[in-house]
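In: Give me a model of this one.
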Amino acid sequence: MTDPIPALPADPTATEDRDISSAAYDPQRRAKELAILDALRAVVDPELGMDVVELALIRQIIIGPESSEIKMILTTPFCPYAGSMIQQVKDQAEAALDQPVKVTLLAERWDPKDAGLMW
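Out: Have a look, this model is predicted:
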């Protein structure tokens, strides 16, 4: 269980010491996430001709100290290119992070509107 976020003082002008190192934004982590997303743009769905980032198939990136995980979905449950695309996502992410990456396929249904596509 994680520690709750400490409450801010009622008076925003108070000068009491606060630990802001646990803030949600971590520039190093964000740089790694962006590097992964940039690398994943090389993984193209052959049927649609668009990459997995553009199609909004990447749902979550979890970066750990020794290994990481990418959670993704497919455009269709029976995608004939699923195995190839998952392996490409794994390979591209591992190259960007220089550490092992697990790719987890989620059961969530893809909606073209998530990718900004209007069919």
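In: mind listing the strands for the protein?
Out: With strands called from DSSP state E, the chain shows them at 44-45, 50-51, 58-63, 68-72, 101-105.
In: Residue ranges in the chain under the pLDDT threshold?
Out: Where the chain drops to pLDDT under 70, the residues are 1-23, 118-119.
In: quick one, helices of it?
Out: 27-40, 82-97 (DSSP state H).
In: Deepest-packed of the ones you listed, please.
Out: Per residue and on average, the most neighbours among the helices of the chain fall to helix 82-97, with a mean of 17 (mean count of other CB atoms under 10 Å). Every C-beta, even on glycine, is put in place using the N, C-alpha and C of the backbone.
In: Show me what that one is in contact with.
Out: 32, 35-36, 38-40, 42-43, 45, 52, 58, 63, 68, 70, 72, 74, 79, 100-103, 105 (CB atoms under 8 Å, 6 or more residues apart in numbering).
In: need the strands of the chain in JSON lines with mean neighbour count and distance to residue 84, can you?
Out: Listed next are these as JSON lines, based on neighbours: other CB atoms under 10 Å; distance: least, CB to CB, whole Å:
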{"stretch": "strand 44-45", "mean neighbour count": "17", "distance to residue 84": "10"}
{"stretch": "strand 50-51", "mean neighbour count": "16", "distance to residue 84": "14"}
{"stretch": "strand 58-63", "mean neighbour count": "16", "distance to residue 84": "16"}
{"stretch": "strand 68-72", "mean neighbour count": "20", "distance to residue 84": "13"}
{"stretch": "strand 101-105", "mean neighbour count": "16", "distance to residue 84": "12"}
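In: between the ones you listed, which one is nearest to residue 113?
Out: strand 50-51 (14.2 Å; CB to CB).
In: Which neighbouring elements make contact with that closest one?
Out: strand 44-45 (3 or more CB pairs under 8 Å, 6 or more residues apart in numbering; DSSP states H and E).
In: rewinding a little: distance to residue 114 added to the helices of the chain, as JSON lines?
Out: What follows is the helices of the chain, written out as JSON lines (distance: least, CB to CB, whole Å):
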{"stretch": "helix 27-40", "distance to residue 114": "15"}
{"stretch": "helix 82-97", "distance to residue 114": "17"}
